[in-house]
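Visitor: model this:
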Amino acid sequence: QELDDGSKDLTPLFELIITTFSGPEADDDFTTQFLITNIDYDSYVGQIAIGRLNNGSIHRNKKYSLCGIKETKHNQKLSACYTFKGLKKIKVDSLESGDIIAIAGIENIKIGDTISDNENPIPLPRIIIDEPTVSMFFHVNNSPFAGKEGKFLTSRNISERLYEETLSNVSLKVNTTNETDVFEVCGRGELQMAILIETMRREGYEFMVSKPRVITKEKNGVRLEPVESIFLDLEEVHTGIITEKLSKRKGRMTKLHNNGFGRVMLEFKVPSRGMIGFRSEFLTDTKGSGILNSLFHSYAPWFGPIPQRNSGVIIADRRGRVTQYASIGMVDRGELFVDANTEVYKGMIIGERNKTGDLDVNITREKKLTNMRSSSRDNTVVLRPPRKLSLDQSIEFIAEDELIEVTPLNLRMRKMELDINKRISQNKKEKNN
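Guide: Numbering: from 1, shown residues only. As a prediction, the model looks like this:
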């Protein structure tokens, strides 16, 4: 039990926990009360409810009642019961109070529901789930390169996958739109959305996503937006740059604690809009040593405009392969995102312009050969390496009229409307309106 005592494993720690903390307060003879605190999904048994059995006992194939937020459903039969050994689920026929358990066989379970006795149900106090704060639109890929890299492309594939995600991810909501090939996905921040996009991408899905938008509310005629509590643990030397960046994103510091060992604990209140794209910047600025955690705080009046991208983009005006000769001509126009010999299509974003306004260019232009010059003359020109954007950086970079094309092999940014003439006419209509 002392620090100097020799030990081969963690047995002394476990013994100390058992002797120090009392066991769970539970009564096997009381009415069954099982509060659902987590949800999983299995393609064989369906939805799985996970939580602690507070009182009573549960037996497989016996009927119970499901106490929901609005109604109580009786005669609910359990098809499977599980207990845990470490992280592994073990199938059993009966469950005792005090254990962390899982059950299957009841559909449309929500976190906070209580499974209780069928004749005399007694629900436990309900757990409140935070509402989604950010929404993104998932589009079926309609680019010229659609279907070349992904396995699952159609609206049916995407809608089934999103619905399956909602069965185990309780904070996610999927809404249909007026268009059959567009789905609105609501979640608790751009990080959760980025994880979902990356997971679907690795599973072979191909689709397009829009820029995230915060879900606002209106109360007494005042527009409200979600605010998050940001908890930071970073080295003292990085405090200045992080504070400056969060202040530009309308963040307000509420707490600072210096422990005297070279690290600082910071707490900010930041609107959810300001957190879009900040995590990747935070890791870069702190050189990977910073720790960031965020929690939903409340809704507050609209904070006003948050600085976004001020520059325009460089857009390919035709399909083809990027040439080194055309890339050299773009050096004084902005920074490219694509390598030479990369295949592009009309309306695809290939770089960031160093001025406002978009620029459509022929990035596939080749050098004309004549008897007056040599084709190898430009081989000594050093081309600046392109800036490769990650998924998080792409989500932050795109504007309202742009999309990210997500495939298992590539991330491409593009305009919603690929044709330049249609884009110009749309901009004129918006200005007139």
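
Visitor: just read off the phi/psi values of Asp40.
Guide: Dihedral pair for Asp40: phi -130, psi 170, per degrees, to the nearest 10.

Visitor: name whatever forms a beta bridge with it.
Guide: Ile48 (DSSP bridges).

Visitor: hang on, it packs against Ser168?
Guide: Yes. Asp40 is within contact range of Ser168, at 5.4 Å (criterion: C-beta atoms under 8 Å). C-betas here are computed from N, CA, C, even on glycine.

Visitor: give me the residues contacting stretch 119-131.
Guide: Identification of contacts with stretch 119-131 by C-beta atoms under 8 Å, 6 or more residues apart in numbering yields 31, 33, 35, 37, 54, 65, 67, 69, 72, 74, 111-114, 116, 170-171, 188, 215, 296.

Visitor: can you get me the start-to-end distance on that stretch?
Guide: 33 Å (C-alpha to C-alpha, to the nearest Å).

Visitor: give the buried residues for it.
Guide: For stretch 119-131, a neighbour-count test (16 or more other C-beta atoms under 10 Å) marks Pro121, Pro123, Leu124, Arg126 as buried.

Visitor: point out where the stretch 101-250 of the chain drops to low pLDDT.
Guide: Of all residues in the stretch 101-250 of the chain, none has pLDDT under 70.

Visitor: any weak-confidence spans in the stretch 251-400 of the chain?
Guide: If you take pLDDT under 70 as the line, the stretch 251-400 of the chain has these spans: 370-381.

Visitor: which residues of it fall in strands?
Guide: Here the stretch 251-400 of the chain has its strands, by DSSP state E, counting those that start in this stretch, at 252-258, 263-271, 291-301, 313-316, 320-321, 334-336, 343-344, 348-353, 359-361.

Visitor: out of those strands, which comes closest to Ile420?
Guide: strand 359-361 (5.3 Å; C-beta to C-beta).

Visitor: contacts for the closest one?
Guide: 312-317, 326, 330, 333-334, 350, 353, 420.

Visitor: off-centre distance for stretch 196-207?
Guide: A distance of 12 Å separates the C-alpha centroid of stretch 196-207 from that of its chain, computed with C-alpha atoms, centre = their mean, to the nearest Å.

Visitor: which other residues reach that stretch?
Guide: 138-141, 146-147, 149-153, 157-158, 161, 165, 169, 172, 185, 187, 209, 391, 406-408.

Visitor: CA-only coordinates of stretch 11-31 in PDB, if you can.
Guide: Output of stretch 11-31 as PDB, limited to C-alpha atoms (Å, rounded to 0.1, in the frame of the first residue of the first chain):
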ATOM      1  CA  THR A  11      -3.600  -5.500  -7.600                       C
ATOM      2  CA  PRO A  12      -2.800  -3.100  -4.700                       C
ATOM      3  CA  LEU A  13      -4.600  -0.200  -6.500                       C
ATOM      4  CA  PHE A  14      -7.700  -2.300  -7.100                       C
ATOM      5  CA  GLU A  15      -7.700  -3.500  -3.500                       C
ATOM      6  CA  LEU A  16      -7.400   0.100  -2.300                       C
ATOM      7  CA  ILE A  17     -10.400   1.100  -4.500                       C
ATOM      8  CA  ILE A  18     -12.500  -1.800  -3.100                       C
ATOM      9  CA  THR A  19     -11.700  -1.000   0.500                       C
ATOM     10  CA  THR A  20     -12.100   2.800   0.100                       C
ATOM     11  CA  PHE A  21     -15.300   3.100  -2.000                       C
ATOM     12  CA  SER A  22     -18.500   1.400  -1.100                       C
ATOM     13  CA  GLY A  23     -20.400  -0.600  -3.700                       C
ATOM     14  CA  PRO A  24     -23.400   0.600  -5.600                       C
ATOM     15  CA  GLU A  25     -26.600   1.100  -3.700                       C
ATOM     16  CA  ALA A  26     -29.100  -1.200  -5.300                       C
ATOM     17  CA  ASP A  27     -32.000  -3.400  -4.300                       C
ATOM     18  CA  ASP A  28     -32.600  -6.700  -6.100                       C
ATOM     19  CA  ASP A  29     -36.100  -7.000  -4.600                       C
ATOM     20  CA  PHE A  30     -37.300  -3.400  -5.700                       C
ATOM     21  CA  THR A  31     -39.100  -2.600  -8.900                       C
END
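
Visitor: show the contacting residues for Ser168.
Guide: Taking C-beta under 8 Å, 6+ apart as the test, what Ser168 contacts is Ile39, Asp40, Tyr41.

Visitor: could you do Gly351 as well?
Guide: Val313, Ile314, Met330, Arg333, Gly334, Glu335, Leu336, Phe337, Val338, Pro386.

Visitor: alright, that wraps it up for me.
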